[in-house]
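> This is a predicted model, with the sequence first.
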Number of protein chains: 2
Amino acid sequence: MNANETIKPYVIGLDLGGTNSVFGIVDSRGEIKATTAIKTQGYDNVEDYVDASVEALKIIIDQVGGIDTIKAMGIGAPNGNYYTGTIEFAPNLSWGRNGIVPLADMFSKRLGGIPVGLTNDANAAAIGEMTYGVARGMKNFIVITLGTGVGSGIVINGQMVYGCDGFAGELGHVIMRPTDGRSCGCGRNGCLEAYCSATGVARTAREFLSKSDEPSLLRDMNADDITSLDVSIAAEKGDALANRVYEFTGEMLGEACANFAAFSSPEAFIFFGGLTKAGNLLMKPLLESYNKHVLAVFKNKAKFLISGLEGSSAAVLGASAVGWEL
Amino acid sequence: MNANETIKPYVIGLDLGGTNSVFGIVDSRGEIKATTAIKTQGYDNVEDYVDASVEALKIIIDQVGGIDTIKAMGIGAPNGNYYTGTIEFAPNLSWGRNGIVPLADMFSKRLGGIPVGLTNDANAAAIGEMTYGVARGMKNFIVITLGTGVGSGIVINGQMVYGCDGFAGELGHVIMRPTDGRSCGCGRNGCLEAYCSATGVARTAREFLSKSDEPSLLRDMNADDITSLDVSIAAEKGDALANRVYEFTGEMLGEACANFAAFSSPEAFIFFGGLTKAGNLLMKPLLESYNKHVLAVFKNKAKFLISGLEGSSAAVLGASAVGWEL
């Protein structure tokens, strides 16, 4: 058996996003050996999606030496449940909206029975950081993904936290403002995601613009078109209002992390995703707010880190790491 | 070795409280075979406290067959750190206020080298529930202790959550009201403990009484003397204001649990301590509030339970369970 094991040096990682599905074949050091992609949408049913995936995958599997070199596959997907390998009622997937899709099983059957693991994208990011990134060697940390939404992957005692049902780690939906909170896509009000996602940042900018006549570079744009990137570009140019938008965002996130510390006292908070490109614009007020709000016993303990996984390949690496865990 | 092991049927549990230190010798089924107690305070230094403890302990150890029948000792203590076996800067202990007390080591040396484990009282309660109580067989649950303060013990993947420093699980100090929150003993504002502890309930009662002229049985008392027990007695008698105090408390606690679910999606929340005697006065609004506030994916999943460990012996059983874990 051992001799057979050693000739399986690769795992497949699939970053299943709302727009694109990116596949990578990855070795144990996190080097991506081959990559391909298909559109996620545009398939009427999941069978067609898996057919198209396997067709694209076969080409890169052949490039690395065939299916016998592949140990496992890992998938990071919205509404992914690790326990069952299913995608459950994912609102943004045309073929996954209305039910429970056994995607891990479907890929396993089509790929010669290799083990396939599936979890949500934020958990995949956390496993990726633990396997290849800044969390190597850490036993207790929290990854917070700052993209269109806010997600999280929590590791405690060296293990992913999936909870009783596979859906633990929804820190984007902790209520930060129980009174007069912003409406959130989840149907409730005051969630962290409504403030600290990329869309939350744009919303804060629009709010600040509408509340005063203060001059700002952002007034040159149509308010509805403002993105978090526009705000960070304006802030870098010294725009005071845009700077305050990131201060507000960082302060809110610091306050949230102070509450998360009371839960699991992590060694580090690791931030992942588009909003981290703002760098110190976000991280400075975040750290100040954390130290102001956190319970005395936790002060100056946790590290605040930005993901060590590079740009567009980070999500694929995270997904592949789920495969190594199997 | 096995033969020796089998003749060690007992562990010692120590519930180290601010007033009393209660010792019990407990068998593996959670039956308390012998018990004794000393005052916690009134010792100038920790050596004198341990001397008095060991003197009291010797009598009950002899009652059960001598030190060779004792497998280990477990201690539940304020500001207890499991990783180091120390009590750290415990404000309510005359001999533990100003430093780090290596209490586990001190007891081990005085008790023939048996292993001694120490953790905070809420974690001891959680281990107690897992060993002897309603959490037997559960892998993911949260115990919330509702006493003078609010404490918590969190179990994930079948393991206690101690975090990177031994102090995880301070859910009494999650901020529930970031704006206009009540002052808390920790020096910050808006903590769960300021609302949902026994003292928080009394504070709510005083607040409600001062804000209106509504008749209430509680007006017969000196406002400063009102306790959570007085409020529950008045509520049981049909006092509308007293009922609203428990509704307010339960609602706040339900809101908090909804946030905790987003973290670890536990199978159950288990409530422990004096305030649980209010029963449905507290649990009914708590459950309604939880289901109102929790993210849709978690609705109707977690159980809400009251501790299965009996009254005054619960804390000793919890502490003894720490001993079995060693």
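Everything's here; your move.
> After the longest helix anywhere in chain A, heading C-terminal, what element do we hit next?
Ranked by residue count and defined by DSSP state H, the top helix of chain A is helix A:240-264. Tracing the chain C-terminally past helix A:240-264 and defining elements by DSSP states H and E, one meets strand A:268-272 next.
> Packing partners of that following strand?
Applying 3 or more CB pairs under 8 Å, 6 or more residues apart in numbering or on different chains; DSSP states H and E, one finds that strand A:268-272 contacts helix A:121-132, strand A:141-146, strand A:303-306. The way it works is simple: take the backbone N, C-alpha and C, and place the C-beta from them, glycine included.
> Nearest to chain B, out of these?
With CB to the nearest CB as the criterion, chain B lies closest to strand A:141-146 of the helices and strands packed on strand A:268-272, at 8.4 Å.
> what sits up against that closest one?
Contact partners of strand A:141-146, identified using CB atoms under 8 Å, 6 or more residues apart in numbering or on different chains, comprise A:121-122, A:125-126, A:129-130, A:135, A:150-155, A:171, A:196-198, A:253, A:257, A:260, A:264, A:266-276, A:307.
> Just give me the neighbour total for the residue lying closest to residue A:259 once chain neighbours are set aside.
Excluding the flanking residues, the one nearest residue A:259 by CB to CB, 6 or more residues apart in numbering or on different chains is residue B:174, at 4.8 Å. Applying the criterion other CB atoms under 10 Å in any protein chain shown, we find 24 residues in the vicinity of residue B:174.
> repeat for residue A:102
Neighbourhood size, residue A:102 [other CB under 10 Å]: 15.
> Just confirm it contacts residue A:86, I think it does.
Yes. Under the contact definition of CB atoms under 8 Å, residue A:102 touches residue A:86, with a separation of 5.2 Å.
> I'd like the helices and strands packed on strand A:268-272 laid out as a markdown table, including distance to residue B:54.
A markdown table is the format used below for those (distance: least, CB to CB, whole Å):
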| stretch | distance to residue B:54 |
| --- | --- |
| helix A:121-132 | 45 |
| strand A:141-146 | 41 |
| strand A:303-306 | 42 |
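> Mean neighbour count and mean pLDDT added to these, as a markdown table?
What follows is the helices and strands packed on strand A:268-272, written out as a markdown table (neighbours: other CB atoms under 10 Å in any protein chain shown; pLDDT from 0 to 100):
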| stretch | mean neighbour count | mean pLDDT |
| --- | --- | --- |
| helix A:121-132 | 28 | 92 |
| strand A:141-146 | 28 | 96 |
| strand A:303-306 | 16 | 97 |
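> Please tell me how far residue A:82 sits from chain B.
12 Å (CB to the nearest CB, to the nearest Å).
> residues in contact with the closest residue to that residue other than its chain neighbours?
On the basis of CB to CB, 6+ apart, the spatially nearest residue to residue A:82 that is not a chain neighbour turns out to be residue A:119, at 4.2 Å. With contacts defined as CB under 8 Å, 6+ apart, the neighbours of residue A:119 are A:74, A:75, A:76, A:77, A:80, A:81, A:82, A:127, A:160, A:162, A:322.
> burial measure for the fourth one, as a count.
By other CB under 10 Å, 26 other residues sit near residue A:77.
> coming back round to it: looking at the helices and strands packed on strand A:268-272, which is nearest to residue A:289?
Between residue A:289 and the helices and strands packed on strand A:268-272, the tightest spacing by CB to CB is seen for strand A:303-306, at 10.9 Å.
> Partner strands of the closest one, with direction?
With DSSP bridges as the test, strand A:303-306 is paired with strand A:268-272 (parallel).
> Quick one: mean pLDDT for the helix or strand that the partner strand is followed by?
Past strand A:268-272, heading to the C-terminal end, the next element that is a helix or strand (DSSP H and E) is helix A:280-293. Along helix A:280-293, the predicted local confidence has a mean pLDDT of 97.
> Just want the angle from helix A:280-293 to helix A:240-264.
Inter-element angle recorded for helix A:280-293 and helix A:240-264: 50 degrees (by axes from the mean of the first three to the mean of the last three CA atoms, to 10 degrees).
> buried sites along helix A:280-293?
By 16 or more other CB atoms under 10 Å in any protein chain shown, the buried positions in helix A:280-293 come out as A:281, A:282, A:283, A:285, A:286, A:287, A:289, A:290, A:293.
> Please list the residues of the stretch 101-250 of chain A that sit near chain B.
Contacts of the stretch 101-250 of chain A with chain B, taken as CB under 8 Å from any CB of the partner chain, map to A:139-140, A:154, A:156-157, A:159, A:161-171, A:173-179, A:186-188.
> wait, doesn't residue A:158 sit right on residue A:137?
No. Residue A:158 is not in contact with residue A:137 according to CB under 8 Å; the separation is 9.7 Å.
> ok, back up a step: out of the contacts of residue A:119, which comes closest to chain B?
residue A:162 (7.6 Å).
> about what we covered before: would you show me how to pick out the buried ones of the residues of the stretch 101-250 of chain A next to chain B in ChimeraX?
The ChimeraX command for the buried members of these (criterion: 16+ other CB under 10 Å) is given here:
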select /A:140,154,156,157,161,162,163,164,165,166,167,168,169,170,171,173,174,175,176,177,178,186,188
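> hang on, the earlier thing: among the contacts of residue A:119, which lie within strands?
With strands defined by DSSP state E, the entries of these inside them are A:74, A:75, A:76, A:80, A:81, A:160.
> So what's the residue count around the third one?
Other residues near residue A:76 come to 30 when the count uses other CB under 10 Å.
> Which residues are in contact with it?
Residues touching residue A:76, when contacts are defined by CB under 8 Å, 6+ apart, comprise A:13-16, A:118-121, A:123-125, A:315, A:318-319, A:322.
> make it 7 Å
The contact partners of residue A:76, by CB atoms under 7 Å, 6 or more residues apart in numbering or on different chains, come to A:15, A:16, A:119, A:120, A:121, A:124, A:315, A:318, A:319, A:322.
> Quick check: closest non-adjacent residue to whichever residue of the stretch 51-200 of chain A sits closest to chain B.
Here the residue of the stretch 51-200 of chain A nearest chain B is residue A:163; by CB to the nearest CB that distance is 2.6 Å. Counting by CB to CB, 6+ apart, the nearest residue to residue A:163 once its immediate chain neighbours are dropped is residue B:265, at 2.6 Å.
> pretty sure that neighbour contacts residue A:171?
No. Residue B:265 is beyond contact range of residue A:171, at 11.6 Å (criterion: CB atoms under 7 Å).
> Around the closest residue to residue A:85 other than its chain neighbours, count how many other residues there are.
For residue A:85, ignoring the flanking residues on the chain, the nearest one in space by CB to CB, 6+ apart is residue A:104 at 2.9 Å. Using other CB under 10 Å, residue A:104 is surrounded by 26 other residues.
> any idea of the pLDDT on residue A:104?
The predicted local distance difference test score for residue A:104 is 98.
> for residue A:313, same thing?
If you check residue A:313, the pLDDT there is 82.
> mind checking the SS state of it?
Classification of residue A:313 by DSSP: H, G, I helix; E, B strand; the rest coil places it in helix.
> Counting neighbours, what do you get for the residue nearest to it when sequence neighbours are not counted?
The spatially closest residue to residue A:313, leaving aside those adjacent along the chain, is residue A:32, at 5.7 Å (CB to CB, 6+ apart). For residue A:32, the count of nearby residues is 16 (other CB under 10 Å).
> do you know how far residue A:32 is from residue A:15?
From residue A:32 over to residue A:15 the distance is 11 Å, taken as CB to CB, to the nearest Å.
> can you list residues touching both of those two?
Common neighbours of residue A:32 and residue A:15 are listed as residue A:316 (criterion: CB under 7 Å, 6+ apart).
> Quick check: pLDDT value at the closest residue to residue A:81 other than its chain neighbours.
On the basis of CB to CB, 6+ apart, the spatially nearest residue to residue A:81 that is not a chain neighbour turns out to be residue A:166, at 3.8 Å. According to the prediction, residue A:166 has pLDDT 94.
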